[in-house]
Structures are given as C-alpha cells and as structure tokens.
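> Kindly return the folded structure for what I paste below:
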Amino acid sequence: MKAVVFENKALQLREVEKPTPGSGEVLVKIRAVALNAADYRSMSLGAIPKGRIFGADVAGQVEAVGPDVTRFKMGDAVFGDLSGCGFGGLAEYAAAPERLLAAKPAGVSDADAAASAMAAVTALQGLRLGNLKAGQNVLIYGAGGGVGNFAVQLARHLGARATAVCGPANVELMRSLGAERVIDYTREDFAADGQRYDLILAVNGSRPLGDYRRALNPRGVLVTVGGELSQVFKTMLFGPLLSLGGRKARLLAAKPNVPDLEFIAGLVAQGRIRPVIDRRYPLEQTAEAVAYLARGHARGKVIVEVG
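Okay, the predicted model is just below:
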C-alpha cells in the first residue's frame with residue numbers, strides 16, 4: 001500500500017506493507033486525514049511514531065476486523081483520532097483499535113468527519129475544563145484555526161457569548177460561526193480593552209500569562225490548549241501563580257474517546273456545528289500540505305484525501 005513515511009527528516013511517499021488488524025482492531029481503508037499542528041511540531045522535535053507514519057484524524061471504511069471486535073463489521077463507515085495508538089493515518093490503510101473509532105453518520109462527509117475528530121473534541125474538552133455555562137462570556141484566542149473554529153461554535157451551542165480573537169482574514173468567518181464579538185489582533189488588544197471574561201480558551205496561544213490574567217474576571221478560568229513547548233512550560237510553571245485568588249489556570253491534555261466523538265458527530269450531522277476546511281491535498285502532496293499548515297495561516301483544517 002502507499003503511505004507517507006517520515007525518513008531522512010522529510011515526508012516521502014513509499015510502498016509499505018499493508019497492516020493486519022490484531023485483537024480488538026479493525027483495518028480501515030482511509031478516505032480522508034485531517035492534519036494538526038502536532039504533526040509538524042513532532043517532526044521538528046524528532047518525536048516520530050513507531051511506524052514513521054503520521055496522521056491521527058481519519059475517516060474511512062472498515063475493510064477487515066480482527067479477533068474480539070464487537071462494535072464494527074466490514075463496510076462500516078468510521079472516523080476517529082489515532083493519536084492514542086501511534087498514529088498511522090497518512091496511508092491507504094490503517095489498523096486501529098475499535099475503542100478509538102466511532103460510526104460516521106451517513107450525512108457527514110469523510111473530510112468533515114476527519115476534520116472533527118481531534119479539533120472538535122479538543123475544543124469541547126477545553127470548554128468543559130473551563131466549566132463554561134450558558135450566559136457566560138468566553139474569549140477564544142486563536143479562533144482562526146481548527147480547534148478555535150469549533151470552540152466558537154460549541155460555545156454558542158452551549159449558550160455562552162463568544163468573543164473570537166483572530167487575524168483580519170478570519171473576521172467575517174468568525175461572525176458566520178456565531179461569535180458575538182470579533183477582535184482583529186492586528187488592530188485591537190484584548191488585554192487592554194477592559195473587557196473581562198469567565199473563561200479564556202487560549203489555543204496555541206503565545207501571549208504572556210499575565211495578559212490572560214488581566215482579562216479574566218475575579219473567578220475566571222484560563223485554559224491553554226497546545227502551543228509551542230515554551231508556552232506549555234510557562235503554563236505549567238507559572239499557572240499556579242496565576243491561580244492565586246479566585247482565578248484558575250489549567251492546561252488541557254485532550255483525550256480521544258468514543259462518547260465525545262459521537263456527540264460531535266451528532267452535532268455535525270444536525271448542522272449545529274460545521275467543520276471549516278481551508279485546503280485539500282492528495283496523499284502524494286502531503287509534504288506540501290504540512291508545509292502550508294506549518295506557516296500558521298490556515299483558516300480551519302487542512303485535509304489530505306486518500307481514496
């Protein structure tokens with residue numbers, strides 16, 4: 001089968017052996033893969049999957065089932081996040097534990113399902129970690145990316161008032177997704193306008209923690225999602241200081257799970273939220289797709305179409 005393998009510090013299209021599903025696994029014929037910032041950051045840090053094949057967010061069709069599989073059969077449409085089993089999605093086939101997969105609703109495309117697998121679940125878990133309630137004010141920093149797009153929509157779905165921070169190219173998109181207020185960071189500074197928020201979801205945020213603290217109400221919560229390692233370490237090191245008093249700082253470690261995948265799939269199928277897809281590439285152009293995403297200007301998700 002064809003797969004995109006990371007070797008000699010580059011992504012290469014190669015012929016590799018087709019995997020065989022083990023106990024509790026299914027063989028998925030991959031149709032679409034959504035890329036994530038974690039892909040290119042892992043490459044740059046040398047954190048390479050065992051099989052040297054990246055790609056976590058997948059959608060496709062079950063082609064074979066291994067022993068002890070109870071939830072799926074051949075022909076079932078599935079999607080999921082393979083980051084919990086060593087990745088492997090950027091290939092024509094992947095063997096995946098059934099515990100990491102959910103049924104794909106008939107009305108949801110493969111690209112939309114793949115785009116939702118990690119990004120939407122991460123946004124959902126981030127809002128939950130911040131204990132967001134209906135009527136509260138939430139600031140979403142980094143709203144223009146995949147997680148941020150979903151966070152704006154999920155906040156609206158939960159009855160909260162979302163303020164989106166993004167670049168000028170995404171202002172109208174944020175309004176269309178349901179943001180009550182949009183801050184163009186090239187023109188305004190959220191930390192200096194006097195507004196206070198019950199929750200700040202900082203997606204790949206690069207601002208000093210003190211800026212977020214100033215924008216929180218006295219019992220507000222900061223939840224950080226991803227970002228450069230330096231930002232993650234700062235949150236771990238200085239987060240307890242920010243939490244002095246009533247404010248809280250939390251670092252999200254998103255965990256893929258079937259109930260959240262099914263919840264998100266239901267919302268997408270009902271049209272309550274929608275994946276925003278910026279660009280699509282064939283498997284043969286995965287390196288170009290990753291390079292585009294790494295430049296940091298993608299509006300939503302970047303999809304690799306396989307079959």
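> Please name the residues that touch the spatially most central residue of the chain.
Residue closest to the average C-alpha location in the chain (Cα atoms, centre = their mean): residue 119, at 2.0 Å. Each residue near residue 119 by Cβ atoms under 8 Å, 6 or more residues apart in numbering is listed here: 34, 36, 57, 145-147, 149-150, 275, 301. Placement of C-beta: from N, CA and C, glycine included.
> Distance to residue 191, secondary structure and pLDDT added to those residues, as CSV?
Listed next are the contacts of residue 119 as CSV, based on distance: Cβ to Cβ, whole Å; DSSP: H, G, I helix; E, B strand; the rest coil; pLDDT from 0 to 100:
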residue, distance to residue 191, secondary structure, pLDDT
34, 31, strand, 98
36, 27, coil, 92
57, 32, strand, 97
145, 20, strand, 90
146, 24, helix, 92
147, 21, helix, 94
149, 22, helix, 96
150, 24, helix, 97
275, 30, coil, 97
301, 28, strand, 96
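> so which of these comes closest to residue 124?
residue 150 (7.5 Å; Cβ to Cβ).
> Residue 147 against residue 121, yeah?
No. Using Cβ atoms under 8 Å, residue 147 is not in contact with residue 121; the gap is 9.4 Å.
> Of the two, which one has the most company?
Between residue 147 and residue 121, residue 147 has the larger neighbour count (other Cβ atoms under 10 Å), namely 29 against 24.
> separation between the more buried one and residue 259?
From residue 147 over to residue 259 the distance is 19 Å, taken as Cβ to Cβ, to the nearest Å.
> Residue 113 too?
Residue 113 is 16 Å from residue 259, by Cβ to Cβ.
> So for those two, which residue has more residues nearby?
Remark: of residue 113 and residue 259, residue 113 carries more neighbours, 30 against 9, as counted by other Cβ under 10 Å.
> just checking, that one is part of a helix?
Yes. Counting by DSSP: H, G, I helix; E, B strand; the rest coil, residue 113 is located in a helix.
> For the closest residue to residue 17 other than its chain neighbours, grab the count of nearby residues.
Distances taken as Cβ to Cβ, 6 or more residues apart in numbering place residue 1 nearest to residue 17, at 7.6 Å, with adjacent residues excluded. Using other Cβ under 10 Å, residue 1 has 14 other residues around it.
> what sits against residue 1?
Contacts of residue 1 by Cβ under 8 Å, 6+ apart are 15-18, 91-93.
> Looking at the residues you listed, which are in helices?
Counting by DSSP state H, no part of those is found in helices.
> nearest to residue 197, of the residues you listed?
residue 91 (41.9 Å).
> Contact partners for the closest one?
By Cβ under 8 Å, 6+ apart, residue 91 lies in contact with 1-4, 16, 30, 53, 55, 306.
> ok, these vs residue 130, which is closest?
Nearest member of the contacts of residue 91 to residue 130, counting by Cβ to Cβ, is residue 55, at 29.0 Å.
> how about the strands of the stretch 201-307 of the chain, start to end?
Remark: strands assigned in the stretch 201-307 of the chain by DSSP state E, counting those that start in this stretch are 216-225, 248-251, 277-282, 301-305.
> in the second one, what counts as buried?
Pointing back at strand 248-251 there. Along strand 248-251, these residues count as buried under the neighbour rule (16 or more other Cβ atoms under 10 Å): 248-251.
> Switch the residues you listed over to CSV; also include distance to residue 193.
Formatted as CSV, the buried residues of strand 248-251 follow (distance: Cβ to Cβ, whole Å):
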residue, distance to residue 193
248, 22
249, 21
250, 24
251, 26
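> What segments of the stretch 51-200 of the chain are helices?
Assigned by DSSP state H, counting those that start in this stretch, the helices in the stretch 51-200 of the chain fall at 110-117, 119-129, 146-157, 171-177.
> would a markdown table of those with distance to residue 70 be doable?
Converted to a markdown table, the helices of the stretch 51-200 of the chain look like this (distance: least, Cβ to Cβ, whole Å):
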| stretch | distance to residue 70 |
| --- | --- |
| helix 110-117 | 21 |
| helix 119-129 | 23 |
| helix 146-157 | 30 |
| helix 171-177 | 37 |
